[in-house]
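Colleague: sequence? don't have it. structure:
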């Protein structure tokens, strides 16, 4: 076992002696971590290392992907294509990186732009692991690699109509599995997963994770046109004045949905006033108490929507917008009471007050390449991972400060960094590195 986090409590029987109590290490069950915001409470994380020093282990991968590893206990789950265009789910041993098992879930990997069919990240609840591919294949396995169920969503609803290949990850929350399929209608015939079905609906789907069967499906309408109907964003849970909501971003809007009423829409806000046929949205929503944050594409602002609205809340509940250094690809990080926004095109990081949108600081990562992954926060640090494979470690404090830059290389790198049990899990195009104490 890895070192456990500790805290101290007073024990009366020992005469107010400080006694260490062991707390379990934190897992990374889905692509934005345990709190759905890119952060972890793990301590003792490294500020610098190299490809050899400070690396607990490294494991070769069968192919590149933007999918982030999911880590639970001694299990590391990785979605990947291989050279034969198979779509695989790998389970590695967290202690040494050895392969526990590998399953072929689907076939027919394709590439377009910066995406392939293995872009969605796996998600786990500590008992089962769920994985989705751009082929619309969705499957569940237990931790020993036994397939629990497998279905192809394209057979039920048509193949995904996404220009740059479907990239949203499943959401597993409170015993339900949620999928957001926000896509173009009608589907162009030249899309990577085109078929003979003439129409498409965009929808939020709720599935029983034990059986793989639909519990409900909510059709999400939009007035967006062409590619602007498409979204690569993962749904996120939020607890607020309406109770539990599932937050979606896409089709020019951010919206809140009631899972207790079969996904009925509670509210929606338009994210920008300009209309465009080519405003696909890549970044997922982030939440804090009282606010939902969503990022527009291609220079459009990051907005904050106040909790509690009903219907169209564009005029009544948009609290602030930030357009000075917006993000097109990287989902914002909420960490230690701050909202961090990475402009991956210019490689600048901005720190905002999440309540007011006021900029506290900004600075350059000092590199010219783009960053497609999303930042990760932990132990007072922010980890950014560029396309060429450079990890830039920033301070999460009150001033902008670059702590180190580490060349992992092996690009293209588009997976975000996962954190679990005091270790970083860094995926390049060729290798999964486990960085930190053994």
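Modeller: Arrived safely. Not measured: the values here are computed from a predicted model. Residues are numbered from 1 along each chain as shown.
Colleague: Give me the pLDDT for residue 9.
Modeller: If you check residue 9, the pLDDT there is 30.
Colleague: How about residue 325?
Modeller: The predicted local confidence for residue 325 is 86.
Colleague: got it, and residue 101?
Modeller: For residue 101, pLDDT reads 98.
Colleague: Residue 204 against residue 178, yeah?
Modeller: Yes. Residue 204 is within contact range of residue 178, at 6.6 Å (criterion: Cβ atoms under 8 Å). For glycine as for every other residue, the C-beta is placed from the backbone atoms N, C-alpha and C.
Colleague: so what sits against both of those two?
Modeller: 235, 246 (Cβ atoms under 8 Å, 6 or more residues apart in numbering).
Colleague: residue ranges for the strands of the stretch 1-150 of the chain, please.
Modeller: Residue ranges of the strands in the stretch 1-150 of the chain, as given by DSSP state E, counting those that start in this stretch, are 5-11, 17-23, 55-60, 70-72, 75-81, 86-93, 99-107, 111-112, 115-116, 123-124, 128-132, 137-142, 147-152.
Colleague: can you tell me which of those comes nearest to residue 347?
Modeller: Judged by Cβ to Cβ, the one of the strands of the stretch 1-150 of the chain that comes nearest to residue 347 is strand 115-116, at 20.8 Å.
Colleague: Work out the gap between the closest one and the centre of the chain.
Modeller: With Cα atoms, centre = their mean, to the nearest Å as the basis, strand 115-116 stands 15 Å off its chain's centre.
Colleague: Adjacent strands (with direction) for that strand?
Modeller: strand 111-112 (antiparallel) (DSSP bridges).
Colleague: closest to residue 290 out of the strands of the stretch 1-150 of the chain?
Modeller: It is, among the strands of the stretch 1-150 of the chain and with distance given as Cβ to Cβ, strand 123-124, at 26.4 Å.
Colleague: Need the residues that contact the closest one.
Modeller: With Cβ under 8 Å, 6+ apart as the criterion, strand 123-124 contacts 29-31, 70, 72, 75, 77, 129-131, 169-172, 177.
Colleague: try 7 Å
Modeller: Among residues not part of strand 123-124, those counted as contacts by Cβ atoms under 7 Å, 6 or more residues apart in numbering are 29-30, 70, 72, 77, 130, 169-170, 172.
Colleague: Also stretch 34-43?
Modeller: 5, 26-28, 32-33, 236-237, 286, 331, 333-335, 374-379, 419, 422.
Colleague: 6 Å instead?
Modeller: Applying Cβ atoms under 6 Å, 6 or more residues apart in numbering, the contact partners of stretch 34-43 are 26, 32-33, 236, 286, 333-335, 374, 376-379, 419, 422.
Colleague: about what we covered before: would you turn the strands of the stretch 1-150 of the chain into TSV with distance to residue 40 and mean neighbour count?
Modeller: Formatted as TSV, the strands of the stretch 1-150 of the chain follow (distance: least, Cβ to Cβ, whole Å; neighbours: other Cβ atoms under 10 Å):
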stretch	distance to residue 40	mean neighbour count
strand 5-11	11	11
strand 17-23	13	10
strand 55-60	17	17
strand 70-72	10	25
strand 75-81	15	25
strand 86-93	19	22
strand 99-107	23	16
strand 111-112	31	14
strand 115-116	26	24
strand 123-124	16	23
strand 128-132	19	26
strand 137-142	25	20
strand 147-152	28	15
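Colleague: now these as TSV including distance to residue 411?
Modeller: What follows is the strands of the stretch 1-150 of the chain, written out as TSV (distance: least, Cβ to Cβ, whole Å):
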stretch	distance to residue 411
strand 5-11	34
strand 17-23	37
strand 55-60	16
strand 70-72	22
strand 75-81	16
strand 86-93	20
strand 99-107	24
strand 111-112	15
strand 115-116	15
strand 123-124	26
strand 128-132	24
strand 137-142	27
strand 147-152	32
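Colleague: Worst mean pLDDT among these?
Modeller: strand 5-11 (a mean of 31).
Colleague: Give the helix, strand or coil label for the closest residue to residue 115 other than its chain neighbours.
Modeller: Spatially, and ignoring its direct neighbours in sequence, residue 115 is nearest to residue 165 (4.0 Å; Cβ to Cβ, 6 or more residues apart in numbering). Recorded secondary structure, residue 165: coil (DSSP: H, G, I helix; E, B strand; the rest coil).
Colleague: Please, which helix or strand holds the nearest residue to residue 288 once chain neighbours are set aside?
Modeller: Nearest residue to residue 288 in three dimensions, chain neighbours excluded: residue 354, at 5.1 Å (Cβ to Cβ, 6+ apart). Assigned by DSSP states H and E, residue 354 falls within no helix or strand.
Colleague: next one: phi and psi at residue 354?
Modeller: Backbone torsions for residue 354, taken as degrees, to the nearest 10, come to phi -70, psi -20.
Colleague: per-residue confidence for it?
Modeller: So residue 354 comes in at 98 (pLDDT).
Colleague: now swap in residue 114 and tell me
Modeller: pLDDT at residue 114 comes out at 91.
Colleague: what about it, neighbour count?
Modeller: The local packing of residue 114 (other Cβ atoms under 10 Å) involves 17 other residues.
Colleague: One more: residue 273?
Modeller: 8.
Colleague: can you check residue 275 too?
Modeller: Neighbour number of residue 275 under other Cβ under 10 Å is 12.
Colleague: Report the separation between it and residue 220.
Modeller: 18 Å (Cβ to Cβ, to the nearest Å).
Colleague: again, but for residue 109
Modeller: 28 Å.
Colleague: next one: residue 208
Modeller: Residue 208 is 21 Å from residue 220, by Cβ to Cβ.
Colleague: higher neighbour count, those two?
Modeller: Per other Cβ under 10 Å, whichever of residue 208 and residue 220 has more neighbours is residue 220, with 22 against 13.
Colleague: Excluding chain neighbours, what is closest to residue 231?
Modeller: In space, residue 231 is closest to residue 250, 2.7 Å off (Cβ to Cβ, 6+ apart).
Colleague: and the gap between the closest residue to residue 232 other than its chain neighbours and residue 415?
Modeller: Spatial nearest neighbour of residue 232, excluding adjacent residues (Cβ to Cβ, 6+ apart): residue 167 at 4.0 Å. Residue 167 sits 12 Å away from residue 415 when distances are taken as Cβ to Cβ.
Colleague: Check residue 140 too.
Modeller: 22 Å.
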